[in-house]
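**Student:** Build me a model from this:
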Amino acid sequence: MDLRLRGTAQKRTETGDADVTSCSNEKPTTGGESPIILMRFSKDTSQLAMDWLEKRITSRQCEGGCELNIERMTDGGAILFFISASQERIRLGADEIGIRKLYKDGSLRDFSVLDRNNFKDYKEGNFFLHCERLRVITQSLEGLRAGDENCVPGHEAVRLYKGKAIIHRMLSKGLLVDFFPLHDLNQLESLKGGMYKTFQGLQIPLSKIQAYYGDSVAVYFAFLNYYLFALVWLVLMGILHWLFVGMWDDNSFANSVDDNWMVSVMHLVWAVFLLEVWKHRSVENAYQWGSLGMKTGEKPRMAFRGQLGRNPVTNKLEPQFPSWRRSLRIWLLSMPITIFCVALAVAIMFYYFSWEIYVMDLYGADSSYTALFFQTLPSVIYSILIQIANFLYQVLAESLTRAENHKYEKQYQNNLIWKILLFYFVNNFLVLYYIAFVYRDMAMLRVTLRNLFLTDIAISQLMECILPCINFKFRTYSERDAAGRSKTSSKLGAMTMIEQVRIEMRKDTYQSTFEEYLELWLQFGYVMLFSCAYPPAAFLAIINNFIEQRTDSFKLCNFYRRPFARQTDGIDAWQLAFELLVYLSIITNLALIFFSPRFFVNFYAMFPDGTIVHVILLFVVVEHLLLIGRFLLSYLIPSVPGKIKLEMDKYRYRSRMLLKRGNFVSCDNLTHSNSLLSDEGEEVVAISQQPKSNQDDDKNK
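**Tutor:** This next block holds a predicted model:
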């Protein structure tokens, strides 16, 4: 059992804060710290079920268990499991899932227990990052599958079948009411200083965020910080344009769409290089964090359902689900419902637009504050309705995607993203296209875009930061005792584990970074799609993102439970979503400029015999040239830097050499390819590089 947890448990027993039941299955103890995952059972869960689950978790892997440590406690009648792992289990788990660490030659290689002494700065107990240790425990628990059991012991209604994820089944049936990792309070307090407590300009401690929260959260903060820096340069270019052009021209800047054609060009060039440079930075981060190309080791989601079968790649037993059945659910269930929701959003948009025209005709000639209020009211109400519709549809889209039963988390996220982006685009941007190209009122376009953007910013900040704070304060207030004092008033240094659990159970669950990326995608659309109509949107985005970076850090550290550490090598499907907005921005801004009244005047002045057909042909030619140029730029600029490509080629070379050595070296003894090669690429046997004592220990194991 982890010594830190054991010492805390002994203190709680002496003070009478909690009842402690020791594990029946003793495991080797080490002095290193292990992340702790909490399980809280429902009061209706039988003792038989809890004993069965404890045995499954603590039993050895060869017996179908997780080989983890459990300390059982009681708080207010609820049974709590504190799950941790010994350092030996962490090492074996890191070897199993292929965590990449720096080798002595400076390259990144999959960790190998047999070759552990050749990794850079290796030392027992403090070699793996906190998020890496958490990943080992999490993947072991998520991989816990039912064997020959037909049901959860003591609960015949909770049926099981071979290969079913046990933890997910118990969570869905209410036998488990909480399952999340506890914060490491000392590391969290250190992280707060770099994230929001001390002002460091626009910089954030990415390496510390990744070491504690994992790749998924770190990639989001990296993209947000990079996007914020890029927006600063965009606004500076806009200010320079205004100083040298707009300031000296009475008819420039916001008076007409085609007066801002140069601003629009700057926006488009900026957006192209924004995403191309981000590809490079994303690959560099993924390589540094050891997640680049880590796709083959992905395990099925806990919620994935299917008959137990062998994975054709790994030859391991995993649940299998026919792809044709998933396709039927997508085309016959998800697709029709999505199309219906999109059609409903279009109908609501037309109703709003008729109301907007009616109000404009009624109060358009009036310049009083009352008239201004009623002119603004329709777009504000419509903005609020958009947020409500977005929320309701997102709940529906998540249910539909769960019903499709995707095997891997990445597949689930990608399908969810495209369902939501289709609806959000129609619900948020279609009205702007209608005003720009059908009603052709640029003044209304600016006002509507501004109101939609500001309302989206305000509601997003309210839902993401202020609401979790209110929930946490309300739960804290409701749990105060009769004397008016909180039950968990201990300071950080003297806080017991039970007191920490009471605090963290009041916090909301941090599901994923999906909401944050969606907010940035909508913001990017408001900034780019109609940049020639409303250039100040970029300045508003800077203010919002600077606040967002601080509030996201604050809420993540204070008002949310610690999320599970997830591995990712980039922003995945969001990269393509942002690129599609860039292509649409090229078409939209070019169309606004080409079909503006001022452009027609200048065109007919230069070509008196020209017609509208010539204007359309010119637009199509220029638009195709720009789109082809954007595509060629994306194709010609390599997404992987040369140095990293060389390192990945070396990594694949070591893998091929492992296959060639297969008839000499047993795969049961050496798991990873980097154990077989020296720095010069010469084939060696890794076990010969270890001290004799380590060889004897490994043989005994």
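**Student:** how about low-confidence regions in the protein?
**Tutor:** In the predicted model of the chain, residues 1-32, 245-260, 294-299, 313-314, 316-317, 478-494, 658-701 satisfy pLDDT under 70.
**Student:** how about the strands of it, start to end?
**Tutor:** When assigned using DSSP state E, the strands of the chain occupy the ranges 19-21, 37-41, 69-75, 78-84, 100-102, 108-110, 151-152, 155-159, 176-181, 307-310, 317-320.
**Student:** Pipe the ones you listed into CSV and attach distance to residue 462 and mean neighbour count per row.
**Tutor:** Glycine gets a C-beta too; all of them are placed from N, C-alpha and C. Compiled in CSV, those are given as follows (distance: least, CB to CB, whole Å; neighbours: other CB atoms under 10 Å):
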stretch, distance to residue 462, mean neighbour count
strand 19-21, 42, 14
strand 37-41, 30, 21
strand 69-75, 33, 21
strand 78-84, 33, 21
strand 100-102, 40, 20
strand 108-110, 42, 22
strand 151-152, 41, 19
strand 155-159, 39, 13
strand 176-181, 25, 19
strand 307-310, 45, 12
strand 317-320, 40, 18
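**Student:** of all the ones you listed, which lies closest to residue 548?
**Tutor:** In this view, the strands of the chain are compared for proximity to residue 548 by CB to CB, and strand 176-181 is the closest at 24.3 Å.
**Student:** Output the closest one in PDB with nothing but the alpha carbons.
**Tutor:** Included here for strand 176-181 are C-alpha records, laid out as PDB according to Å, rounded to 0.1, in the frame of the first residue of the first chain:
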ATOM      1  CA  LEU A 176     -21.100   3.400  -8.200                       C
ATOM      2  CA  VAL A 177     -22.000   7.000  -7.800                       C
ATOM      3  CA  ASP A 178     -18.500   8.600  -8.000                       C
ATOM      4  CA  PHE A 179     -15.300   7.500  -9.900                       C
ATOM      5  CA  PHE A 180     -12.600  10.100 -10.300                       C
ATOM      6  CA  PRO A 181      -8.900  10.800  -9.500                       C
END
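**Student:** neighbouring strands for that strand, and are they parallel or not?
**Tutor:** According to DSSP bridges, strand 176-181 has the following sheet partners: strand 37-41 (antiparallel).
**Student:** what sits up against the strand it pairs with?
**Tutor:** With CB atoms under 8 Å, 6 or more residues apart in numbering as the test, strand 37-41 has contacts from 50, 78-84, 134, 137-138, 141, 175-182, 501, 504-505.
**Student:** that older thread, let me know which of the strands of the chain is the nearest to residue 638.
**Tutor:** Relative to residue 638, the nearest member of those by CB to CB is strand 108-110, separated by 19.7 Å.
**Student:** quick one: strands adjacent to the closest one?
**Tutor:** Here strand 108-110 is paired, per DSSP bridges, with strand 100-102 (antiparallel).
**Student:** Show me what the partner strand is in contact with.
**Tutor:** Strand 100-102 is touched from outside by 108-111, 119-122, 127-128, 290-291, 294, with contacts defined as CB under 8 Å, 6+ apart.
**Student:** Turn the strands of the chain into TSV, including distance to residue 376.
**Tutor:** Supplementary listing: the strands of the chain in TSV, determined by distance: least, CB to CB, whole Å:
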stretch	distance to residue 376
strand 19-21	61
strand 37-41	48
strand 69-75	52
strand 78-84	51
strand 100-102	54
strand 108-110	55
strand 151-152	57
strand 155-159	54
strand 176-181	43
strand 307-310	58
strand 317-320	54
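**Student:** Just tell me which of these ends up closest to residue 637.
**Tutor:** Proximity to residue 637, assessed across the strands of the chain by CB to CB, is greatest for strand 108-110 (24.1 Å).
**Student:** who wins for most neighbours among the contacts of strand 100-102?
**Tutor:** Ranked by neighbour count (other CB atoms under 10 Å), the contacts of strand 100-102 have residue 111 at the top, with 27 neighbours.
**Student:** you'd agree it is up against residue 96?
**Tutor:** No - under the criterion of CB atoms under 8 Å, residue 111 makes no contact with residue 96, lying 9.6 Å away.
**Student:** list the contacts for the nearest residue to residue 630 once chain neighbours are set aside?
**Tutor:** Using CB to CB, 6 or more residues apart in numbering and skipping the chain neighbours, the partner closest in space to residue 630 is residue 272 (5.8 Å). With contacts defined as CB under 8 Å, 6+ apart, residue 272 is in contact with 582, 630, 633-634.
**Student:** just residue 619 next, same as before
**Tutor:** So, once contact is read as CB under 8 Å, 6+ apart, residue 619 ends up touching 590-591, 594-595.
**Student:** Quick one: buried ones out of those?
**Tutor:** 590, 594-595 (16 or more other CB atoms under 10 Å).
**Student:** Return the residues in contact with the nearest residue to residue 400 once chain neighbours are set aside.
**Tutor:** For residue 400, the nearest residue in space outside its immediate sequence neighbours is residue 334; the separation is 4.5 Å by CB to CB, 6+ apart. Contact analysis of residue 334 by CB under 8 Å, 6+ apart lists 400-401, 403-404, 419.
**Student:** quick one: the helices in the stretch 401-550 of the chain?
**Tutor:** Across the stretch 401-550 of the chain, reading from the start of the chain, the helices by DSSP state H, counting those that start in this stretch fall at 409-434, 442-461, 467-478, 497-504, 514-528, 537-558.
**Student:** As JSON lines, these with mean neighbour count and distance to residue 67 would be great.
**Tutor:** As requested, the helices of the stretch 401-550 of the chain are arranged in JSON lines below (neighbours: other CB atoms under 10 Å; distance: least, CB to CB, whole Å):
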{"stretch": "helix 409-434", "mean neighbour count": "20", "distance to residue 67": "24"}
{"stretch": "helix 442-461", "mean neighbour count": "19", "distance to residue 67": "43"}
{"stretch": "helix 467-478", "mean neighbour count": "14", "distance to residue 67": "36"}
{"stretch": "helix 497-504", "mean neighbour count": "20", "distance to residue 67": "22"}
{"stretch": "helix 514-528", "mean neighbour count": "21", "distance to residue 67": "33"}
{"stretch": "helix 537-558", "mean neighbour count": "19", "distance to residue 67": "31"}
